[in-house]
Structures are given as structure tokens and as C-alpha cells.
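Q: Predicted structure and sequence below. I'll ask about it afterward.
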Amino acid sequence: MPTLPSPGRDGLLQALDAWFDDGRFAGELARRIAWRTESDGGSVPDTLAGYLREEIAPALQALGFVCALHANPDPRGGPFLVARRVEDPALPTLLTYGHGDVVNGMAGRWQEGLDPWTLTPRGDRWYGRGTADNKGQHTISLAALAQALRSRGGRLGYNVTVLLETGEEAGSPGLHAFAQAQREDLRADLLIACDGPRVSARQPTLFLGSRGAVNFTLRVAARDRAFHSGNWGGVLANPATLLTHAWAALVDAHGRIRVPELRPAGIPAEVRAVLRDVPVGGAPDDPALDADWGEPGLTPIERLVAWNTLEVLAMEAGAPARPINAIPPSAVLHGQLRFVVGTPWRDLGAILRRHLDAAGLPQVRVEVGMEAAATRTPVSDPWVRWAADSIERSCGRAPAILPNLAGTLPNDVFSELLGLPTLWVPHSYPACAQHAPNEHLLAGLAREGLRIMGGLYWDLGEPGAAPWRRTG
Ligand SMILES: [Zn+2]
């Protein structure tokens, strides 16, 4: 329910425009991009703690937060920052989340003149590792929070807890255990966080959870060396033939999942309704969609966010770069299931085993790897309408509402472990090249993101307007 126009709210949005236009936002982001906080290299560099201690904590302390750096209970992950700003324990609490780590900088593979650790504007694109994922996004969010606090005369009307992790790009090791151990300090009533892409650059987006993902490996190891295909072909089973049949037993030639247990029972009506007009792709850098790919009878956006997919990530047999006349000794395929809420993903190994055995392929071994849950805050939750109205007031356009992101985030920590309604407001877009060379933030989108976040932080403090309810 929109509140009456307020000079204070408009004043805040103008202050945020100025924050962006006079270069203060770019200055702050440039400093953060310069931190080499790569977390996906199998080690925990000191820069992860440094980023939290020297870059983020001082900015939050200046706003009245009490900051604590915590070691990760899992040695594979970097530290956590928990910053709390308590105006009154009787007030409701907002939790926000971000990650200070980035993927490998891939220096040398960027366009001429670009360096991953130097924020470099070219037209509307601001290049640098982390500009989209996630430093640009948490910088937008925290800058908007700071300005909202000023516009409110130092009193928001609610408490705020900031959780920053530094292992997201390594699969968030320790995040669940940490959140479990710190339940009391992380107790809140709502999560609003910024990560992931909008559905398109122009379209403000609100998503309520994420699909889950399980990576797995199919392997056929027949013998310890290759044998000549002329001398032995026809009497030795070929591991690559077995492996390709195994995959074909799981997915048909149009990408449709053939394993009944791995197909959603259907798409809820309220999910169908919010997805009705949401486009997929169509921007200049986007690939053309394949019309005859995926589940028949669904729209592209339904296939993308409201259904499951099985993908081959990589496969190998023999030496593809230098084939020889031989039957390879083994074949391997790395696959992935992306799935929505309700899929029995914890049983994936057993489900694949049964299906492959039934297909007459007991030789194909199944190994389950990295896994992440799917979550979805109900579309009918009062916070969803509230946030959509707030976003529309701030930028003049209604957001697309996605029941979940197509990709995967550790949202189950917030929605399941901490029991919060979860609102994600992304400030990146699909062609941002996150995880690749030439990662960038769109300047226009960052400027609009500041307004959107400022409006949300303002509206949360409007007495009686925000649908706060205590989650306990
Ligand atoms: Zn990422």
C-alpha cells in the first residue's frame, strides 16, 4: 500500500542522484574493486579479512553499526562480518546480505586496456571484477542506507543487521553452520539483499528466492588403458558409447528431462500469473533462444525459472584434441540439475542410480558433488506487493516479480534457517559478464538502483505502511 508522497522521500532520492552524479559512488566502488578478494582459487587470501576490516567495517561504524569479524567455521571459507545497528530492541529488524569475495580476476583476458582491479568506465559500462557481483551491488545498497539514515535525521525506525560473507564464489563454505551458530545475532524479521541479475537491463526486478543446483558426475571406467579400435572394436564395450546412452536416458534430444522424479509436478497458478509478461533475452548481447528446446507447452520464462533442467557442463573420452584409433579406457561427464522448490534433490544420487539401472546401464557410476537448496517466498506474501509498490514509486516502473532467480543463491540460510521473508533486488543484468572477463556494471542501472534501495529503506520506516510482522 503506497504511502502519501513525502518531501523527505523525494529529498532522499535527489540526494542519491547527487551521490552518483558527483562521483562519490564511483570513488567508493573503485576503492572496493581494487581489493583482490578472489575466493575461488582453493585458498583463503588475507584480502578477504582485509576487505571486511578496512573497507566495509569503517563505513558501517560511521553509521552507528557495531561490527564483529568472525572466523569461518569451515577452513575452506573466508571470514564473516556481522554489523548490527540497534535503535531499539522493540523495533523490527531488517537483515541484509552481500559477499565481498569475487571470482578469479582473469587478468590479461579482458578487452584492451581493462584491468580487473581498476574500475574503468567506458560509456555506460563500468568495468572491473566485482562491479556486478557483488561489490557494486552491496555498495549501492549500503550507500542508499547511509543516505536514508541522513534523510531520517539519524533514526530509521527499525534495526539493521548487515551480514557480509567472503566465500560465496567458493560455494559459501561455512555459511550455514555460521548462521546456525549465530542465530541470535542474526535474528531479524525481513531480508532485503542485492545480488544476481535483473530480467533485462531496463526492467527493475524483484525475486523471492532461487532455484537450487546439484552438480554430479557420470563415469564409466572400463579398463586401465586404451585398446586399438581395429584389433578390439566389437568385442570391448566402449565407455563413451555407454556414457552417451546414459545421458540420453536422462534427457531427450530437445532438453526435456526423462526422469519422472526430477520433473516438477506443475507450475503453481500464482507463479504462472506473475511470470505472464516477463520476457527472456532480447538484448543485443543475448543469445537467440531455441524455440524447440526445453519442456513443451511452457513459455521461455516458465522454462527458465519455474521448471527444472539437466545440463551437461563438460564431458570427455579419449583425447579430443588428438584423437587416435583406440577405444578409450574411460569416459566422464559432469552434469548439473537446476531445480525448483519441491524437487527431491537430496535423493538425486539414488534417483539417477535407479533410472540408469532400469535403462540397462549399471556400468555408469554416479557421484554427487556440490549442492544447494531451492527456496521461494510465496508470491502472495504482503512484503512482495509492498516492495513492488516501493520500487515503482522510486523509478516510475513496476518491477518484474520472479518467484525465484533461475540461478542459485544461498537463500535457504535466510528463508529456512532464519525463517525470514526474502526480497532480492538485483542491480546487474544478464550480459554483465560476471564470472568472465569484462565484468561490468551499467552506470544507469547503478544510479537507478540507488534510488530503488533508498526508497525501500525509507518506506520500511514509514509507521504503519510497511507490513512488518515479527518472525520471532
Ligand atoms: Zn558470483
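A: That came in fine, so what should we check first? Numbering: from 1, shown residues only.

Q: pLDDT on stretch 295-304, on average?
A: Stretch 295-304 shows a mean pLDDT of 96.

Q: Give me the buried positions along it.
A: 295, 299-304 (16 or more other CB atoms under 10 Å). Every C-beta, even on glycine, is put in place using the N, C-alpha and C of the backbone.

Q: just how off-centre is that stretch within its chain?
A: Here stretch 295-304 is found 21 Å from its chain centre; the criterion is CA atoms, centre = their mean, to the nearest Å.

Q: what residues does it touch?
A: For stretch 295-304, contacts defined as CB atoms under 8 Å, 6 or more residues apart in numbering pick out 199, 254, 256-257, 263, 267, 272, 275, 278-281, 289, 294, 306-307, 309, 406.

Q: So which of those belong to helices?
A: Among the contacts of stretch 295-304, the ones falling in helices (DSSP state H) are 272, 275.

Q: Put the buried members of the contacts of stretch 295-304 into a PyMOL selection.
A: To isolate the buried ones among the contacts of stretch 295-304 in PyMOL, judged by 16+ other CB under 10 Å, type:
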select buried, resi 199+256+257+267+272+275+278+280+281+294+306+307+309+406
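
Q: Tell me the helices and strands packed up against the host helix or strand of residue 357.
A: Using DSSP states H and E, residue 357 maps to helix 348-358. If contacts are counted by 3 or more CB pairs under 8 Å, 6 or more residues apart in numbering; DSSP states H and E, helix 348-358 sits against strand 212-221, helix 239-250, strand 365-372.

Q: and the gap between the residue in the chain sticking out farthest from the centre and residue 265?
A: Most distant residue from the mean C-alpha position of the chain: residue 231, 51.1 Å away (CA atoms, centre = their mean). To residue 265, residue 231 is 51 Å away according to CB to CB, to the nearest Å.

Q: quick one: the strands in the stretch 1-150 of the chain?
A: For the stretch 1-150 of the chain, applying DSSP state E, counting those that start in this stretch gives strands covering 66-70, 80-85, 93-99, 120-122, 125-127.

Q: Mean confidence (pLDDT) on the third one, please.
A: It refers to strand 93-99. In this model, strand 93-99 has a mean pLDDT of 98.

Q: before we move on, what about the fourth one?
A: When pLDDT is averaged along strand 120-122, the result is 97.

Q: quick revisit: out of the helices and strands packed on helix 348-358, which comes closest to residue 203?
A: Of all the helices and strands packed on helix 348-358, strand 212-221 sits nearest to residue 203, with 24.2 Å by CB to CB.

Q: helices or strands up against that closest one?
A: Here strand 212-221 touches helix 239-250, strand 330-339, helix 348-358, strand 365-372, going by 3+ CB pairs under 8 Å, 6+ apart.

Q: low pLDDT regions in this protein?
A: Residue ranges of the chain with pLDDT under 70: 1-7, 471-472.

Q: Chain neighbours aside, what residue packs nearest to the spatially most central residue of it?
A: By CA atoms, centre = their mean, the mean C-alpha position of the chain lies nearest to residue 409, the distance being 4.0 Å. Distance criterion CB to CB, 6 or more residues apart in numbering; nearest residue to residue 409, sequence neighbours excluded, is residue 210 at 4.3 Å.

Q: Residue 54 - how many residues pack around it?
A: Residue 54 has 12 neighbours, counted by other CB atoms under 10 Å.

Q: Residue 305 is in contact with residue 404, isn't it?
A: Yes - the pair residue 305 / residue 404 is scored as a contact, 5.9 Å apart, by CB atoms under 8 Å.

Q: what's the overlap in contacts for the two?
A: Residues touching both residue 305 and residue 404 (CB under 8 Å, 6+ apart) are 211, 340.

Q: what's the distance between stretch 230-237 and the middle of its chain?
A: A distance of 47 Å separates the centroid of the chain from that of stretch 230-237, by CA atoms, centre = their mean.

Q: Please spell out which residues along it are buried.
A: Judged by neighbour count using 16+ other CB under 10 Å, the buried positions of stretch 230-237 are residue 236.

Q: next one: stretch 23-30
A: Neighbour counts over stretch 23-30 (16+ other CB under 10 Å) mark 25-26, 28-30 as buried.

Q: Could you do stretch 44-60 as well?
A: Neighbour counts over stretch 44-60 (16+ other CB under 10 Å) mark 44-45, 47-52, 55-57, 59-60 as buried.

Q: likewise stretch 114-122?
A: Neighbour-count burial for stretch 114-122 [16+ other CB under 10 Å]: 114-117, 119-120.
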